[in-house]
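A.B. asks: What follows is a predicted protein model with its sequence.
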Amino acid sequence: MKISNLLIHLHNSVDAFSLKQRHLHLIGELLPDTRISVAEGNRDFLEKLPEADCVLTWVFKSAWYADAPKLKVLFTPAAGHDWVDADPAGRVRTFYGSFHGRIMRESLLSMILYFNRRIGKSLADQKKRIWGRFGYNDCAALFSQRVLIVGFGALGQSMAELLKAFGASITAVKRNTEGFEGHPDVDRIVTFDRLEGELPDADHVVFVLPGGAETDAIFTARHFNAMKPGAYLYNLGRGNCYREEDLLIALKDGPLAGAGLDVFVEEPLAPRSLLWEQPDVLITPHSSAISREYIDLFIQEWLDILRENQSEHGIIH
């Protein structure tokens, strides 16, 4: 894929999500014949947009495509479609990041091991200088447990690969299972209408669902009640897939032993939220994908796509 005029706008309040000089140096070395422009802000980005045939950006509104007559392809690190709209005319190809699983699966693993290995107890005992060795007799090994992954896109598949390497039994839930039968990293794959029947056997239930109306409150109080007593819930997708009040009931009076939560309906999580007070809830601030390797992985994915489309039938002709 040949690029003549590349426009980059990858500024972010999270430093790990922002373009660094080393990335520019790499791009310049690999694309020596390409004009590379780095926008200093939104106004500068929109001023330079009409000349760009390829854009790397965090934000792109549908109305902007009309001001980008030469634009043929757009890449964003974001996995969700929250900030980058697809071209309503279908002229510009839009690629969303699919590399996040390599980072987020480590975040999930750390949450699972936090509960399995009683890390919270260890930290509390250490603070009090207590040698509480006999409090670990009910620790469970991941290789003896069943993990249920709700949402089996790129993120869910990457998580399954890592957890399977630890010996866990993996059940995946996907809207359409066609073509996924016999997947090497799952023991079972089912559609969502069969989710409730899988819950009584799952030690860990993981959500990596996208946001939007289709997933809003898709996991109901009935589903919570069907979960295995002593199970743990994790959410690293979007916070809308269940109601917070249902989660709290399941934690206080229901089957849940704990929850690892990275995403919430309201972010930042409000100080008034009762989730802060729950002793068996591990809260992270929508940080499961934050890593110093983030933009490196995005740039590598982008370059791989360029290499795969070198023929005359590629994205840019």
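C.D. replies: The structure has been received and is ready for your questions.
A.B. asks: quick one: the residue lying closest to K252 once chain neighbours are set aside from S98, how far?
C.D. replies: Using C-beta to C-beta, 6 or more residues apart in numbering and skipping the chain neighbours, the partner closest in space to K252 is Q278 (7.8 Å). Any C-beta I mention is one placed from the backbone N, CA and C, and that applies to glycine too. Separation of Q278 from S98 (C-beta to C-beta, to the nearest Å) stands at 33 Å.
A.B. asks: Looking at those two, which has the bigger crowd around it?
C.D. replies: More crowded of Q278 and S98, by other C-beta atoms under 10 Å: Q278, with 18 against 15.
A.B. asks: Please read off the pLDDT at H313 from the model.
C.D. replies: We have a pLDDT of 47 for H313.
A.B. asks: and the one helix or strand M104 maps to, what does it pack onto?
C.D. replies: Secondary structure from DSSP states H and E places M104 in helix 101-116. Under the contact definition 3 or more C-beta pairs under 8 Å, 6 or more residues apart in numbering; DSSP states H and E, helix 101-116 sits against helix 154-165, strand 232-235, strand 258-261, strand 281-283, helix 294-308.
A.B. asks: Quick one: mean pLDDT for it?
C.D. replies: 98.
A.B. asks: which sections of the stretch 201-317 of the chain are below the confidence cut-off?
C.D. replies: Applying pLDDT under 70 to the stretch 201-317 of the chain flags the ranges 310-317.
A.B. asks: All the helices of it, residue numbers only.
C.D. replies: With DSSP state H, counting those that start in this stretch as the criterion, the stretch 201-317 of the chain has helices at 221-226, 244-252, 294-308.
A.B. asks: same deal with the stretch 1-150 of the chain?
C.D. replies: In the stretch 1-150 of the chain, the helices defined using DSSP H, counting those that start in this stretch lie at 21-30, 42-48, 101-116, 119-128.
A.B. asks: nearest residue to R175 other than its sequence neighbours?
C.D. replies: Take R175 and drop its neighbours on the chain: the residue closest to it by C-beta to C-beta, 6+ apart is F192, 6.2 Å away.
A.B. asks: so what's that neighbour up against?
C.D. replies: Going by C-beta atoms under 8 Å, 6 or more residues apart in numbering, F192 touches 150, 173-175, 218.
A.B. asks: what's the burial count for the closest residue to Y136 other than its chain neighbours?
C.D. replies: In space, and not counting its chain neighbours, Y136 is closest to R118: 5.7 Å by C-beta to C-beta, 6+ apart. By the criterion of other C-beta under 10 Å, R118 has 19 neighbours.
A.B. asks: correct me, but R118 touches C139?
C.D. replies: Yes. At 5.9 Å, R118 counts as touching C139 under the criterion of C-beta atoms under 8 Å.
A.B. asks: So N116 sits against L142, correct?
C.D. replies: Yes. Using C-beta under 8 Å, N116 is in contact with L142, at 6.2 Å.
A.B. asks: Would you quantify the distance from Q145 to L26?
C.D. replies: To L26, Q145 is 41 Å away according to C-beta to C-beta.
A.B. asks: Looking at the two, which one has more neighbours?
C.D. replies: Neighbour count, other C-beta under 10 Å: between Q145 and L26, Q145 has more, with 19 against 15.
A.B. asks: and F152, how far is that from N12?
C.D. replies: Going from F152 to N12 by C-beta to C-beta gives 28 Å.
A.B. asks: which of these two has more neighbours?
C.D. replies: Shown here are F152 and N12; by other C-beta under 10 Å, F152 has more neighbours (25 against 14).
A.B. asks: is it true that that one lies in a helix?
C.D. replies: No. F152: not assigned to a helix; according to DSSP: H, G, I helix; E, B strand; the rest coil it is coil.
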